[in-house]
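Engineer: just coords:
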C-alpha cells in the first residue's frame with residue numbers, strides 16, 4: 001500500500017496541460033507510442049497512438065499544450081496528462097454523487113469531460129483561457 005501511495009505522489013514529467021510543445025516527446029516515450037504531427041494555421045496536433053489508446057495533444061502557436069483529448073480501450077495516465085490540474089480533477093471527481101455518469105468539470109481555468117467504461121474511454125481537457133484565437137473548444141477531440 002505504501003508503495004502505491006509513493007508512486008501516486010511521485011512527480012511526473014510530461015506534456016501536461018500548460019507545458020511546452022517539446023515535452024510531447026516525454027509523453028511519447030513514456031507511453032511507448034507512435035506519434036504523428038498535424039500542423040495547422042492556428043494549432044498543431046500531436047497524435048500519440050498505443051495499442052490501447054489514442055491521445056491528441058493540442059499546441060498553440062506560442063508552443064504551449066492547451067488541450068488534450070483521449071479515446072481507447074484503456075484510460076491514459078491522466079496524472080501525467082493533466083499535470084498541475086490533476087488535483088482539481090481528482091477533487092471534482094471524488095465530490096460527485098453519481099459515480100457512473102460522465103464527469104464534467106467546467107471551471108474558469110480548466111474544462112474536463114471524461115466518460116467511459118471498461119474498454120471504452122474518451123475525454124478531453126483544455127485550458128479555456130489558453131485557446132488560440134479562432135480555435136473553438138469543440139475542436140479539442
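Structural biologist: Perfect, thanks for sending it. Just so you know, these numbers come straight off a predicted model, no measurement behind them.
Engineer: show me what contacts residue 46?
Structural biologist: In this structure, residue 46 makes contact with 15, 21, 24, 28, 35-38, 56-57, 59, judged by Cβ atoms under 8 Å, 6 or more residues apart in numbering. C-beta coordinates here come from the backbone N, C-alpha and C atoms, glycine included.
Engineer: now residue 93. Nearest residue, chain neighbours left out?
Structural biologist: If you skip the residues right next to it in sequence, residue 93 has residue 103 as its closest partner in space, 5.7 Å away by Cβ to Cβ, 6 or more residues apart in numbering.
Engineer: does that neighbour have beta-bridge partners, and which?
Structural biologist: In this structure, residue 103 bridges to residue 114 when assessed by DSSP bridges.
Engineer: tell me the pLDDT at it?
Structural biologist: Note for residue 103: predicted pLDDT of 92.
Engineer: ok, of the contacts of residue 46, which come out buried?
Structural biologist: 15, 21, 24, 28, 35, 56-57, 59 (16 or more other Cβ atoms under 10 Å).
Engineer: in this protein, which spans are helices?
Structural biologist: For the chain, helices defined by DSSP state H occupy the ranges 2-9, 24-31, 78-82, 86-94.
Engineer: which stretch in these has the least confidence?
Structural biologist: Looking over the helices of the chain, mean pLDDT reaches its minimum on helix 2-9, with a mean of 35.
Engineer: what pLDDT is listed against the nearest residue to residue 36 once chain neighbours are set aside?
Structural biologist: Distance criterion Cβ to Cβ, 6+ apart; nearest residue to residue 36, sequence neighbours excluded, is residue 47 at 4.9 Å. The predicted local distance difference test score for residue 47 is 97.
Engineer: count of residues packed around residue 47?
Structural biologist: A count of nearby residues for residue 47, using other Cβ atoms under 10 Å, gives 15.
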